[in-house]
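**Q** what shape does this take:
(one chain, ligands or ions: 1)
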Amino acid sequence: MTIEAKICGLSTPETVDAAVAAGARFVGFVTYPRSPRHVASNDVLKALGARVPQGVIRTGLFVDPDDALLDERLATGAIDLLQLHGAETPERVAAIKARTAKPVMKVIKVGQASDVERGIAAYTTVADRLMFEGAEGTLPGGNAIAFDWTFLSGRTVPLPWLLAGGLRPDNVAEAVRVTGARGVDVSSGVESSRGVKSIDLIRAFLDRVKAL
Ligand SMILES: O=C(O)c1ccccc1N[C@@H]1O[C@H](COP(=O)(O)O)[C@@H](O)[C@H]1O
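**A** The predicted structure is shown next:
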């Protein structure tokens, strides 16, 4: 079984290279200023994106972006896929997709079982992919907190989707087993301290995923 992995919150050339070399299918760059992983400079974003070979999907993480931010960040040419991690409505998701002509992955925040079905119903016709992440934490995401994975057990999701939230090298196999996810996303779980990516942990996570 091939499981696709996304390493998010990358902000240095070395960690981007490590994620690509170890087999990440997606790399993620955060455009949210309150995040410890924020890539503030468009020049840096452009340079990071330019390191990524074709076939690896460069994902821009946005939280309720306005059009100006989208235009500015996309002008770097460093983003292939938009990850919408805020409270974007289905109408806003559709408008962002139309404006940018980029595929969109909408994040569904899961606090209780019914959030899964509600999210699927709301976003399936407007998004290209979904991501399920826990609803708890001080930031809109990247809080290293898992939700109850059994909420996804046995579900049919009509779009490709990723599981996120509190994943680590030592729990990703169990998360995949319980949820049936074919894609996983990690940020905090491959950090040596908050916002600081560890190349060893990136490799460990991707090795565990490859072994599934
Ligand atoms: O990483 C952040 O700082 C962040 C900020 C705002 C929204 C989302 C953010 N991160 C994303 O959240 C998930 C799960 O992260 P974690 O593995 O639990 O730390 C992932 O997609 C992050 O990229």
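**Q** ok, Thr31 touching Leu74?
**A** No - Thr31 lies out of contact with Leu74 (CB atoms under 8 Å); the separation is 10.2 Å. Bear in mind the C-beta positions are built from the backbone N, C-alpha and C, glycine included.
**Q** anything in contact with each of these two?
**A** Gly60 (CB atoms under 8 Å, 6 or more residues apart in numbering).
**Q** in three-state terms, how would Val107 be classified?
**A** On the three-state scheme (DSSP: H, G, I helix; E, B strand; the rest coil), Val107 is labelled strand.
**Q** I'd say it and Gly134 touch.
**A** No - the criterion here is CB under 8 Å, and Val107 misses it with Gly134 at 10.5 Å.
**Q** give me the phi and psi for Val44.
**A** phi -70, psi -40 (degrees, to the nearest 10).
**Q** ok, for it, nearest residue in space, not its chain neighbours?
**A** Ser11 (7.5 Å; CB to CB, 6 or more residues apart in numbering).
**Q** Ala87: what's it in contact with?
**A** Applying CB under 8 Å, 6+ apart, one finds that Ala87 lies in contact with Asp64.
**Q** list the buried residues of stretch 62-81.
**A** Of the residues in stretch 62-81, 62-63, 65, 69-70, 73-74, 76, 78-81 count as buried by neighbour count, 16 or more other CB atoms under 10 Å.
**Q** of Val107 and Gly134, which one has the most company?
**A** A count of neighbours by other CB atoms under 10 Å puts Val107 above the other of Val107 and Gly134, at 26 against 20.
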